[in-house]
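# Build me a model from this:
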Amino acid sequence: MSVYSYSAVAINGEEKSLSDYEGRVLLIVNTASKCGFTPQYKELQELYEQYREQGLEVLGFPSNQFREQEPGSREEIQEFCQLNYGVTFPLFAKIDVKGEQAHPLFRYLTQNAPGLLTKEVKWNFTKFLVNRQGEVIRRYAPTTKPRHIRKDIEQVLKG
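Next up is the predicted model:
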């Protein structure tokens, strides 16, 4: 089993297989537009621009599970991210990242990279680093700024 076994609905409404990213390093993030961590979109975009040609994909998965901080439609989320942060990395439709209705991808991620005290995602902007084989390498707390994981990304890109 790897992340490549899963698919999700892209922000444009089309089903997208994560196998399309096979051989790439992935940084998978649950996001929200009305959160104290929302400015991390800027750093995520910077990482994407800096490392994309070396094989990095940043994948954003909006979730409204934490104090309803992602209330918008797919169109509103996409417009917000593009206008405010210049986001060009792939975004997906809103999903649940914890609980009984959690998307299977996030069940897989949290089983393979549990957090402190619990396996569940605790808040927006939890990040999962995945190697080129689709294996979860590390989980980062929402408070970890994307720029602080550059060294880890560089190491995984070297493979």
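
# Where does the residue nearest to residue 159 when sequence neighbours are not counted sit: helix, strand or coil?
Residue nearest to residue 159 in three dimensions, not counting chain neighbours: residue 132, with 6.0 Å by C-beta to C-beta, 6 or more residues apart in numbering. Yep, even glycine has a C-beta here, placed from its N, CA and C like the rest. Using DSSP: H, G, I helix; E, B strand; the rest coil, the secondary structure recorded for residue 132 is coil.

# From residue 6, how far out is residue 132?
Distance, residue 132 to residue 6, by C-beta to C-beta, to the nearest Å: 16 Å.

# Settle it for me: which of the two has more neighbours?
Between residue 132 and residue 6, counted using other C-beta atoms under 10 Å, residue 6 has the larger neighbour count: 19 against 15.

# Now for the more buried one: which residues touch it?
Residue 6 is in contact with 17-18, 103-105, 108, counting by C-beta atoms under 8 Å, 6 or more residues apart in numbering.

# Which among these count as buried?
Buried subset of those (neighbour count, 16 or more other C-beta atoms under 10 Å): 18, 103, 105, 108.

# What segments of this structure are strands?
Along the chain, counting by DSSP state E, strands occupy 7-9, 15-17, 25-31, 56-62, 127-130, 136-140.

# helices or strands up against the second one?
In this structure, strand 15-17 packs against strand 7-9, with contacts taken as 3 or more C-beta pairs under 8 Å, 6 or more residues apart in numbering; DSSP states H and E.

# List the contacts of stretch 49-60.
18, 21, 23-29, 31, 41, 44-45, 47-48, 81, 87-92, 132, 153-154, 157.
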